[in-house]
Structure formats: structure tokens, C-alpha cells
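Please find the sequence and the predicted model below.
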Amino acid sequence: MKTSHGVEMDHFWGTRERPMLPRELIRRNPILASSEMPSELRRLSSTRAVYISTADGEEPITEVTKMETIGRRTIWRVKVSDTGGEAAHRLGQAAVRYDPSHVCQAIDRSVSSEGHRPAWLNQLFIPRGIARPTRPRLRRFNGRRVEPMYVFGNDDRQTYEDTSYPWGCVGKIFNSDGFQGSGALVGKNLVITAAHMVPWTSIGAGSWWMRFVPAYVNGTSLFGSGVESNISDAAAINNGNNVSGYDWALLKLYNPVGETAGWFGYNGWSSDWEKQNYWTVLGYPTAVGGGELPSWQGGIDYHDEDSDSSGGEELESNTADITPGDSGGPVFGIWNGNAPRVIGVVSGQEHEYQPIFSSDDNNIFASGSGFTNLIAWGLTNWPA
């Protein structure tokens, strides 16, 4: 473990300057790539690992046969000997909920809060979109529409297919409990997501797994089939119960796919930014693109926040459209013209009754100093 000096609970990572507004971003010209992807990364991107479990350590035997060539494409048959094996995921090693003070004490103050754009990737400030598939919505007997989370007015999310920075840094997460959600790269081998995306019920059984695929579209990564990774470790905060303001977890990847896709920086939240539409949220909602395409919504704001002394913070929005599959997706701003930094992740929703028979519906994002401390802790203790 790297020697650390520790930080205080409310340490502010990043900058207190405001991020850019949508009208400022839309005028930004793309930042173009200055090199090509290294040949070794290009080779790895097209090499996909397949995991197989067998009894008693028996080694499977593979057989590759050329079948036919159609135009420029060749069909190959890959057979694996029948050893009683089955397709498997590489299992996770450790998933721990830490006390917030433990995290603070094990952080090196010198770790950077900046993201990284690989030289072979363009940076675009608006992603390249595609036509959004329509999806039927359920209705109740009385004709009212049923939404799994809240969409305020028209659904403003748009699907996209783009490997440019930072849009390719978001990915889809799968886990051994059968859930699917979203996450974002915040280091070569680090992903931030919602804590409820970690399969805690499977941890004790010793057979849990998680899988992250950046730039996931229709079953594979746009960077190449080999650009994905199972999760080796997960870290979250032990706050005693499932509080939304602490609903963030850091994941360590077996494969440093951030070397290909790049990664976001991270930044603390300031109440000075309330009711300002600086923010963009990304994710894989089933209601938009069937969970097979990433979606984005820019220009959202937060009208209120609830914080806790241990570093948790709940940001409330009634402009961000969130539905299942978005869980763990990043919300970010862009500073200094080119620096995208996450400030939190999608957690869930609340329905809060107000006096005089009114109500306040909000989508909730998990943020706070504990969120940024956890990322800094990962960069300190889980170097690639």
C-alpha cells in the first residue's frame, strides 16, 4: 500500500470555480486526436477472454477450425472439450464497506483529481447521437402512465454511439445478482458506480462477480470486444444502513481498460452551484435504447441538497430524467474548457409529501466529500 498522509473528512477535491454552461460548451470546437492508438492496445482490443469453470482443475481443450470465407469475412468454429465445464465469470476477490475515517486516513494528498484523455481520442462536447428507439410504456387501469422512476415532462435523454472522450468512459455494469446498471472510469483500473450495484448478498458466498464494459453498445464495447473487465475488488462506505447519500462504490478492474478509453476526473460539490444547469448525466436506462445504448441528458440542475457529517450528500433534481438502468451512472461537469469531472452518481428517487396536500418528486444523486475521498483512496491504494 502506498504511504499516505490522510485527509480530513470534508476535504475539497478539485476546484470551487464553476463549470461551463451548456451554451458555452456548444460553442467549443472538438479537441482532435494527436496520435493513433498504440498497436499493442489495438491488438488487445480485438482479443476477448472467455472464462470456463471445470471440475477438479481439469484443463479444457480447444479446437479451432476454418469453416468458410464470405467476401472479406472468414467463419471459424471454436470448440471446447466437454469436461463438464460451463461459461463463467472471473470472480471478485474482496468487497468491503469501510468506515469513513479509515478511508480518509489512507489517502495520499498528492493524488490528482484530473481525468485523462488518451492522445488517440478526440474530445467532443456533444456526443454523436443516433435515432432513439421507441419503447412502449405501461398504463394503469385508469389510463395513467406508470414510470419506474421519475421523468419530468418530456423525456429529454438521447442515445448516442461514441468512443470520443469523455463519452466512451461510461459503461454498462452486470453483476451476479442479475442486475444491470451504469458506471464510469475514474482511473486506468477504477470505476465509480452506485453502492447498490454491488452484489452484497453474494459476497459472503464467495461466488460474486461484476463486469464492466465501457462504451457498451448492443452486447460489446465500441472500442473492441476485448475492452472490458471483470471486477477484482469493491469498496464502499459502511454507514450502518442504505442511505442514498452514501450510495457510491469504487470498483477495481482486473484489466486497465482506462488505458484505452481514458477516464473522468472528479470534483467536490459546492452549494454555490445550486439551480445552475451545468450538469450532464449518462447511463444505460432500459426505457431509452432498451439498456443496449448509452444515453445522455445535459443542462440539468440541482435545486437542493442534504448532507451528513461523514461525507455523504444527496443532490435533488427535478430536471434530470432517471429510470432503471441509470443506477450508478455519472453526473459530470466540464471545467476550464476541457476537463470533465464527475461530482456524483445516480442513486434513486424520492416522493416527499409537503404541507397542504402537495408533493415534491425528486431524483437523487449520491455525492459529497466522502464520494471524492473514496476515489482519491482508490487512486492511492489501487494503482494500476
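Received, thanks.

Spatially nearest residue to Ser202 (excluding sequence neighbours)?
Trp208 (3.8 Å; Cβ to Cβ, 6 or more residues apart in numbering). C-beta coordinates here come from the backbone N, C-alpha and C atoms, glycine included.

oh, I was asking about Leu121
Tyr165 (4.6 Å).

The one you found: neighbouring residues, count only.
Tyr165 has 25 neighbours, counted by other Cβ atoms under 10 Å.

What residues are bridge-paired with it?
Here Tyr165 sits in beta bridges with Gln123, going by DSSP bridges.

Report the contact partners of it.
Residues near Tyr165 by Cβ atoms under 8 Å, 6 or more residues apart in numbering: Arg117, Pro118, Leu121, Asn122, Gln123, Leu124, Ala261, Gly262, Pro340.

Now do Gly206, the pLDDT please.
pLDDT, Gly206: 71.

which residues does it contact?
Applying Cβ under 8 Å, 6+ apart, the residues near Gly206 are Leu91.

7 Å instead?
Applying Cβ atoms under 7 Å, 6 or more residues apart in numbering to Gly206 gives no contacts.

Equivalent analysis for Ala376, please.
Trp13, Ile107, Val111.

how about 10 Å then?
4, 7, 11, 13, 103-104, 106-113, 186, 250, 266 (Cβ atoms under 10 Å, 6 or more residues apart in numbering).

out of these, which are inside helices?
Val103, Cys104 (DSSP state H).

Filter the contacts of Ala376 down to the buried ones, ChimeraX style.
In ChimeraX, this line selects whichever of the contacts of Ala376 come out buried by 16 or more other Cβ atoms under 10 Å:
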select :4,7,11,13,103,104,106,107,108,111,113,186,250,266
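
just curious, which of the contacts of Tyr165 is nearest to Val331?
Pro340 (10.9 Å; Cβ to Cβ).

So what pairs up with the most far-flung residue of the chain relative to its centre in the strands?
Ranked by distance from the centre of the chain (Cα atoms, centre = their mean), the top residue is Glu68, with 39.7 Å. For Glu68, the beta-bridge assignment (DSSP bridges) gives partners Ile75.

now stretch 40-55, how far from the centre of its chain.
22 Å (Cα atoms, centre = their mean, to the nearest Å).

do the same with stretch 116-130
Counting by Cα atoms, centre = their mean, stretch 116-130 comes out at 17 Å from the chain centroid.

again, but for stretch 30-40
The answer for stretch 30-40 is 23 Å, by Cα atoms, centre = their mean.

and for it, what are the contacting residues?
Contacts of stretch 30-40 (Cβ under 10 Å, 6+ apart): 42-45, 117-126, 164-165, 223-224, 259-260, 337-338.

ok, 7 Å please
Residues contacting stretch 30-40 (Cβ under 7 Å, 6+ apart): Ala119, Trp120, Leu121, Asn122, Gln123, Leu124, Asn338.

Can I get the buried part of those residues as one ChimeraX selection?
Selecting only the buried entries of those in ChimeraX, with 16+ other Cβ under 10 Å as the criterion:
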select :120,121,123,124
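
still on that earlier bit, surely the residue nearest to Ser202 and Phe174 touch.
No - counting by Cβ atoms under 7 Å, Trp208 sits too far from Phe174 to count as a contact (11.9 Å).

Quick check on Ser202: phi, psi?
phi -100, psi -10 (degrees, to the nearest 10).

now swap in Leu41 and tell me
Phi and psi for Leu41, reported as degrees, to the nearest 10, are phi -70, psi -40.

Find me the pLDDT at it, would you?
The model's pLDDT for Leu41 equals 93.

Not including adjacent chain positions, what is the nearest residue to it?
Leu41 sits nearest to Thr260 (Cβ to Cβ, 6+ apart), 5.5 Å away.

The one you found: what secondary structure?
Recorded secondary structure, Thr260: helix (DSSP: H, G, I helix; E, B strand; the rest coil).

who's in contact with it?
Contacts of Thr260 (Cβ under 7 Å, 6+ apart): Leu41, Ser45, Phe223, Val227.

top of the residues you listed by neighbour count?
Going by other Cβ under 10 Å, Val227 tops the contacts of Thr260 with 27 neighbours.

Check what pLDDT the residue lying closest to that one once chain neighbours are set aside gets.
Distances taken as Cβ to Cβ, 6+ apart put Ser221 closest to Val227, at 4.3 Å, once the chain neighbours are dropped. With respect to pLDDT, Ser221 scores 97.

Tell me if I'm right that Ser221 and Val213 touch.
Yes - using Cβ under 7 Å, Ser221 and Val213 qualify as a contacting pair, with a distance of 5.2 Å.

which residues are common contacts for the two?
Glu228.

how about the helices of the stretch 1-150 of the chain, start to end?
Secondary structure of the stretch 1-150 of the chain (DSSP state H, counting those that start in this stretch): helices at 22-25, 39-45, 100-105.

most tightly surrounded among the ones you listed?
Across those, averaging neighbours per residue (mean count of other Cβ atoms under 10 Å) puts helix 100-105 on top, at a mean of 18.

and that helix, what's its mean pLDDT?
94.

Equivalent analysis for stretch 187-198, please.
96.

any idea which residue sits dead centre in the protein?
Gly183 (1.2 Å).

how would you label it: helix, strand or coil?
Applying three-state DSSP: Gly183 is strand.

what residues are up against it?
Taking Cβ under 7 Å, 6+ apart, one finds Gly171, Ile173, Val191, Ile192, Thr193, Phe212, Leu251, Gly328 in contact with Gly183.

Of those, grab the buried ones for PyMOL.
Selection command for PyMOL covering only the buried members of those, criterion 16+ other Cβ under 10 Å:
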select buried, resi 171+173+191+192+193+212+251+328
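
and which of the contacts of Gly183 is nearest to Leu379?
The nearest one, if we look at those relative to Leu379 and count by Cβ to Cβ, is Ile192, at 11.3 Å.
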